[in-house]
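1. Sequence and predicted structure are below.
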2 protein chains.
Amino acid sequence: MKLIDGKAIAAQIKSEIAEEVQQILAQGGKRPHLAAILVGHDGGSETYVASKVRTCEEVGFQSALIRYEDDVTEDELLKKVIELNEDPDVDGFIVQLPLPKHISEQKVIETIDYRKDVDGFHPINVGRMSIGLPCFVSATPAGILELLKRYAIETSGKHCVVLGRSNIVGKPMASLMMQKSDPGDCTVTVCHSRTRDIKKYCLEADIIIAALGAPGFLKGDMVKEGAVVIDVGTTRVPSDQTKSGFKLKGDVEFDEVAPKCSFITPVPGGVGPMTIISLMRNTLLAGKKAIYCK
Amino acid sequence: MKLIDGKAIAAQIKSEIAEEVQQILAQGGKRPHLAAILVGHDGGSETYVASKVRTCEEVGFQSALIRYEDDVTEDELLKKVIELNEDPDVDGFIVQLPLPKHISEQKVIETIDYRKDVDGFHPINVGRMSIGLPCFVSATPAGILELLKRYAIETSGKHCVVLGRSNIVGKPMASLMMQKSDPGDCTVTVCHSRTRDIKKYCLEADIIIAALGAPGFLKGDMVKEGAVVIDVGTTRVPSDQTKSGFKLKGDVEFDEVAPKCSFITPVPGGVGPMTIISLMRNTLLAGKKAIYCK
């Protein structure tokens, strides 16, 4: 069994990005610039955005944090989105989700210029990904692909079972794994809450990508010998072993499953650290106009 | 075994659409207007477009056929697309594919205003379909969904195996069948040229959607008792029994497979007739501004 060390890979990519930024600057190019809009004071969102801003600094990006109180109107937020769309200095930006209930997340996402949509949530980027065209791939799926690539995990012709059909992980992951590409070229099965006998599918899988948000869902007797298991779950569960009183638990019962795997990601330290770094990479691509030329 | 009569369903929907057009006109509304651009003189394309124009007349739509010779420039074609985008009288339009090699099909598709993209090929419509938002669903997948619906075929919790991962059938079909909806809510497996032991997956399937374009691929010993089989294949094969010297053959070895099925579509007369009618329905929706309000 080989542990997939997302933390180490993320650190490696971080230094690759930092190096490329230095090269760009040395050649007189423009420093990539990521802006983030944060509405309200949700604890999780605060942490994520702070981490994104910090990582920007670490790789040498310019960053901007735009904050609004919970009572910001949809109009006001949309006006800011349009302003960022039109600001030639901003290469990419994100609006941290979730948003307060009185604001339509979908409307906000669709107002973002898809060429600056480094979160990859705009329907144009989702559609282009499905068709197999260059696009911003959203951070978690992009991070998982990168892990498979860096560990040289063979995917072609393998049976990949995706647990979960969310718009931000399950569906794009299925789409990417079936694509004619490497990683990719898998036979893909998508399981979800309506699937009968989910264990049967899991037992047939060469690669399992677990993104149900159900802590400890995947047990040892659901996985075949030699499987590759990618755990996307990160649920906060109470713990008496941490200072905070909780710990992150994945969808995989790690202790049972790991001994049977050829490769497995831990939680934390697996997929998680790749997410922010994928956002950084999208920002770099945006800065270089590598996906969309204008 | 029950034969799914696509021809009869298509005729039924055609009269429903014709009736709705009459109601719209009676209420002083605007007659839906579909325009089609045809480049060159490819036999298949000529037939399809002629059939689309004829069906428009039959349901009471206004139609326009814009023809170009094979040597039309990409610029000229794009100019016409933009003109149709801006023409308030045209509710929807299609550019018949394939296009000559010197023209980028993708560029043409992406130039079409997605709100008039009744073929559902624009990345915005593809992405919105994947996310589960209102959109123009492309004709063949929409037609298949409609057949499942009209025959009240239960899909929730069933295992649907899609054979083929094309952008116009396999991928959207997979996306629709996994969606939280009815029809939908299937566990979905996508098989393709790189799949190992495709027979194994087919034998496990409750519903098989065959869209490989490989005549007679699905044999009797690849299907379990009681399966629902949807045959999307339409390959021209030589025949000494028809005047034209060829006949359409599906991906399914009908004589072997049909006796084991609960439901099956024939070729011809199954999925085929639904395709044009789905385009008509999208045009009606476009005319009513039912998907996009402006």
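-> Sure, I can see it. Numbering: from 1, shown residues only, chains lettered A, B, ... in the order given.

2. In chain A, mark out all the helices, start to finish.
-> For chain A, the helices defined by DSSP state H occupy A:6-26, A:43-59, A:74-86, A:105-111, A:123-131, A:139-150, A:170-178, A:198-204, A:254-257, A:272-287.

3. Among those helices, which comes closest to chain B?
-> helix A:123-131 (3.2 Å; Cβ to the nearest Cβ). Every residue, glycine included, has its C-beta placed from N, CA and C.

4. can you tell me the average pLDDT over the closest one?
-> Averaged across helix A:123-131, pLDDT comes to 98.

5. Packing partners of that helix?
-> helix A:170-178, helix B:123-131, helix B:170-178 (3 or more Cβ pairs under 8 Å, 6 or more residues apart in numbering or on different chains; DSSP states H and E).

6. Next, the angle helix A:170-178 makes with it.
-> Angle, helix A:123-131 to helix A:170-178, by axes from the mean of the first three to the mean of the last three Cα atoms, to 10 degrees: 40 degrees.

7. how big is the angle separating helix A:123-131 from helix A:139-150?
-> Using the same axes, to 10 degrees: helix A:123-131 against helix A:139-150 is 30 degrees.

8. hey, C-alpha coordinates of helix A:123-131 in PDB?
-> Output of helix A:123-131 as PDB, limited to C-alpha atoms (Å, rounded to 0.1, in the frame of the first residue of the first chain):
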ATOM      1  CA  PRO A 123     -21.600  26.600 -17.200                       C
ATOM      2  CA  ILE A 124     -19.300  27.400 -20.100                       C
ATOM      3  CA  ASN A 125     -16.400  25.900 -18.200                       C
ATOM      4  CA  VAL A 126     -18.500  22.900 -17.100                       C
ATOM      5  CA  GLY A 127     -19.700  22.300 -20.700                       C
ATOM      6  CA  ARG A 128     -16.300  22.700 -22.200                       C
ATOM      7  CA  MET A 129     -14.900  20.200 -19.800                       C
ATOM      8  CA  SER A 130     -17.600  17.700 -20.700                       C
ATOM      9  CA  ILE A 131     -16.900  18.200 -24.400                       C
END
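
9. Please list the residues outside it that contact it.
-> Residues outside helix A:123-131 that contact it (Cβ atoms under 8 Å, 6 or more residues apart in numbering or on different chains) are A:110, A:114, A:117, A:120, A:134-138, A:167, A:172, A:175-176, B:122-131, B:133, B:167, B:171, B:175.

10. out of those, which are buried?
-> A:110, A:114, A:117, A:120, A:135-138, A:172, A:175-176, B:122-131, B:133, B:171, B:175 (16 or more other Cβ atoms under 10 Å in any protein chain shown).

11. residues touching the residue nearest to residue A:45 when sequence neighbours are not counted, list them.
-> Nearest residue to residue A:45, sequence neighbours excluded (Cβ to Cβ, 6 or more residues apart in numbering or on different chains): residue A:96, at 4.9 Å. The neighbours of residue A:96, taking Cβ under 8 Å, 6+ apart as the test, are A:36-39, A:45, A:48-49.

12. again with residue A:71
-> For residue A:71, the contact set (Cβ under 8 Å, 6+ apart) comprises residue A:100.

13. quick one: average pLDDT of stretch A:97-114?
-> Averaged across stretch A:97-114, the pLDDT comes to 97.

14. what's the span of it, first residue to last?
-> 17 Å (Cα to Cα, to the nearest Å).

15. Any buried residues in it, and which?
-> Result for stretch A:97-114 [16+ other Cβ under 10 Å]: buried residues A:99-100, A:103, A:108-114.

16. just stretch A:38-51 next, same as before
-> For stretch A:38-51, the neighbour count (16+ other Cβ under 10 Å) marks A:38-40, A:42, A:45, A:48-49 as buried.

17. so how far is residue A:122 from the residue nearest the centre of chain A?
-> What sits nearest the mean C-alpha location of chain A, by Cα atoms, centre = their mean, is residue A:140, with 1.6 Å. If you measure residue A:140 against residue A:122 using Cβ to Cβ, to the nearest Å, the figure is 16 Å.
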